[in-house]
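**Q** Sharing a model that was predicted from the sequence below.
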Amino acid sequence: MPRYALIAAFLGGLVILGGGVFLGLASRDTPRGAAGTLLASAIGGPFQLVDQNGKTVTDADLKGKWSLVYFGYTHCPDACPTALNDIAVALDELGPKRAEVRPVFITVDPERDTPAVLKSYVTAFDAPILALTGTPQEIAKAAKGYRVYYAKHPEEGGDYSMDHSSVIYVMDPQGRFTASFTHENSPEEIAERLKKLLT
Amino acid sequence: MVGHKLLAIAACLVIAGAALAQTGQVEVSNAWARATPPKAETGIAYLTIRSPTPDRLVSVSSPVAKKVELNTMEMSGMVMKMRPVASLDIPAGQPVTLKPGGEHIMLTGLSGALREGQSFPLTLTFEKAGTREVTVAVEKPGAAGPTSQR
């Protein structure tokens, strides 16, 4: 009898796990209108950070415009410039509507990415990027809210790179998660999706 | 007798020449880099390598950076991981293109910003073909590829 109970519990666990994975996948690209549901609210959340000018920015400051939120770091030469450039190119395709979208770059390397470093970094891209940093604790909190994974990877000579989730999150003007993009989405695809969301 | 010697020398020259031609045909083209912000410490370069015979890229250096290494990008789920690799295999007759999202050449400890429109030298050392020096053209900061094929 206890054995049956164990098997039943195991199977029940599998069902819950499977459901969780399914819901997790389903939430990755929530159509407009569904935003604000329990699932959509699972990505995002409160944060308090500082921008490239040293000004305090919270999640509340992101409201009123669409946000494209990307977590990365300035010593990242490959994935991060690609994502920021994809955003810049996609925004260009939006025409006047681009004013309704704010790209947000949040560092996962607060140790090296001070506001001054971020300022120098984002001015290199053709987009008005809001760049955010904070204490390691503040960054950890923001990353946790967005379900972003990051970890320091030490290299020879004391250098390090950061392993990190590379995802562009689309947050609506109410701060609700709406869609996401990865390196597999071209700037054109990003622009098309944004055009639909912005209408 | 003298004739034989000359013939032998000529044969040697032909063989040496053939060997040189074989290893001499490694071609490096379309070398480009992304412009960096003014105080950036890291930069990145991409290029295409073609070799008629199997070879291996074993090291890269440049006067503009303290350290130059071969890196690869690994995706595990949505997570990007950048890892150094010791060498890069160049199969015979198949172009190997380093591009965003894959293998790349990482420049660490830049002596100055890489500015769009400028160029810098890069020396590649191959296991068999020896060294090749290429000129790397600096493109926009997030450029996806070189603006012109070279």
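**A** Received it, and whenever you're ready, just let me know what you need.

**Q** buried residues in the strand or helix carrying A:Lys119?
**A** If you go by DSSP states H and E, A:Lys119 is part of helix A:115-122. By neighbour count on 16 or more other Cβ atoms under 10 Å in any protein chain shown, the buried set for helix A:115-122 is A:115, A:117-118, A:120-122. Backbone N, C-alpha and C define where each C-beta goes, glycine included.

**Q** and it, what does it pack onto?
**A** On a contact count with 3 or more Cβ pairs under 8 Å, 6 or more residues apart in numbering or on different chains; DSSP states H and E, helix A:115-122 meets strand A:48-51, strand A:101-107, strand A:130-133.

**Q** Determine how far it lies from the middle of the whole chain.
**A** 19 Å (Cα atoms, centre = their mean, to the nearest Å).

**Q** quick one: average pLDDT of stretch B:41-56?
**A** Stretch B:41-56 shows a mean pLDDT of 96.

**Q** Then stretch A:173-180?
**A** Computed over stretch A:173-180, the average pLDDT equals 95.

**Q** now for that stretch, what's the gap between its first and last residues?
**A** 15 Å (Cα to Cα, to the nearest Å).

**Q** now do stretch A:119-135
**A** 17 Å.

**Q** Please apply the same query to stretch B:121-140.
**A** End-to-end for stretch B:121-140, by Cα to Cα: 18 Å.

**Q** What residues sit buried inside that stretch?
**A** B:122, B:124, B:126, B:129, B:132, B:134, B:136-140.

**Q** Now B:Pro63: closest residue in space that isn't a chain neighbour?
**A** Distances taken as Cβ to Cβ, 6 or more residues apart in numbering or on different chains put B:Pro121 closest to B:Pro63, at 6.5 Å, once the chain neighbours are dropped.

**Q** So which residues on chain A come close to chain B?
**A** Within reach of chain B by Cβ under 8 Å from any Cβ of the partner chain, chain A has these residues: A:74-79, A:81-82, A:84-86, A:88, A:117, A:120-121, A:123-125, A:149, A:153, A:155-157, A:159, A:161, A:163-167, A:182-183.

**Q** Any chance of the buried residues of stretch B:121-140 in TSV with pLDDT, secondary structure and distance to A:Phe105 as columns?
**A** Shown next, in TSV, are those (pLDDT from 0 to 100; DSSP: H, G, I helix; E, B strand; the rest coil; distance: Cβ to Cβ, whole Å):
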residue	pLDDT	secondary structure	distance to A:Phe105
B:Leu122	98	strand	29
B:Leu124	98	strand	33
B:Phe126	97	strand	38
B:Ala129	95	coil	41
B:Arg132	96	strand	36
B:Val134	97	strand	32
B:Val136	98	strand	26
B:Ala137	97	strand	26
B:Val138	97	strand	22
B:Glu139	95	strand	20
B:Lys140	90	coil	17
